[in-house]
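K.L.:
Here's a sequence, model it:
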Amino acid sequence: MGRIRIITVNRADAVWDGLVGDYLQRIARYADIKWQVVKPTHGVDVAQIKRKNTEQLLALVPAGSLTVVLDELGVEWSTQQLSRQLVKWSDRYQCISFIVGGAEGLERERLVTHPSWALSRLTLPHRMAQLILVEQLYRAFSMQHNHPYHRA
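P.N.:
Have a look, this model is predicted:
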């Protein structure tokens, strides 16, 4: 597997960062993974916050990378489907970048050309979405390598 980038809007939080960091270390056995964080934009105008956060996130996506947007309106996959999708993407792209917005979300209009993935139809807190993302990535990789973590 090639490179994976998880690019998020976040404030530092030792507990959540530790949970995500644990899965990042596990994933590092299978892929070159990096978690990049953008500080949340503050303001009164939600549209302006979404636009600024989206710009900051996209600016961190490496050239030649596939950008996958986490969005409650995206396509839902099972873990098995995610595992197969990761293999397909890694055959075509040097890097896969997952974008997770902040509490206000993302500017969807700027992201329509990118594939989007819904972890659930539920609206999740962005920190919870980040944790579920890294857990599911680890589970998908463990399936590919016959690791006992995934027992389906």
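
K.L.:
Quote the end-to-end distance of stretch 140-148.
P.N.:
One end of stretch 140-148 to the other measures 12 Å (CA to CA, to the nearest Å).

K.L.:
From the contact counts, what lies against the longest strand seen in the chain?
P.N.:
The single longest strand within the chain, with elements called by DSSP state E, is strand 65-76. If contacts are counted by 3 or more CB pairs under 8 Å, 6 or more residues apart in numbering; DSSP states H and E, strand 65-76 sits against helix 79-92, strand 95-100, strand 116-118. (C-beta placed from N, C-alpha, C; glycine too.)

K.L.:
for the longest one, which positions count as buried?
P.N.:
Right, helix 79-92. For helix 79-92, burial by neighbour count (16 or more other CB atoms under 10 Å) applies to 79, 82-83, 85-86, 89-90.

K.L.:
neighbouring contacts of stretch 5-25?
P.N.:
Contacts of stretch 5-25 with the rest of the structure, by CB atoms under 8 Å, 6 or more residues apart in numbering, involve 33-41, 53, 56-57, 60-62, 65, 95-103, 126-127, 130-131, 133-135, 137-138.

K.L.:
What residues of that stretch count as buried?
P.N.:
By neighbour count on 16+ other CB under 10 Å, the buried set for stretch 5-25 is 5-10, 16-17, 19-20, 23-24.

K.L.:
Which pLDDT value belongs to the residue located most distally from the centre of the chain?
P.N.:
Distance from the centre of the chain peaks at residue 44, with 26.3 Å (CA atoms, centre = their mean). Listed pLDDT for residue 44 reads 80.

K.L.:
Spell out for me which residue occupies the centre of this protein.
P.N.:
Geometric centre of the chain, nearest residue: residue 98, 3.4 Å, by CA atoms, centre = their mean.

K.L.:
List the contacts of that one.
P.N.:
Residue 98 touches 4-7, 68, 70, 117, 133, counting by CB under 8 Å, 6+ apart.

K.L.:
a markdown table please, covering those and showing distance to residue 110.
P.N.:
Output for those, formatted as a markdown table (distance: CB to CB, whole Å):
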| residue | distance to residue 110 |
| --- | --- |
| 4 | 22 |
| 5 | 18 |
| 6 | 19 |
| 7 | 14 |
| 68 | 15 |
| 70 | 15 |
| 117 | 17 |
| 133 | 20 |
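
K.L.:
Nothing else from me, thank you.
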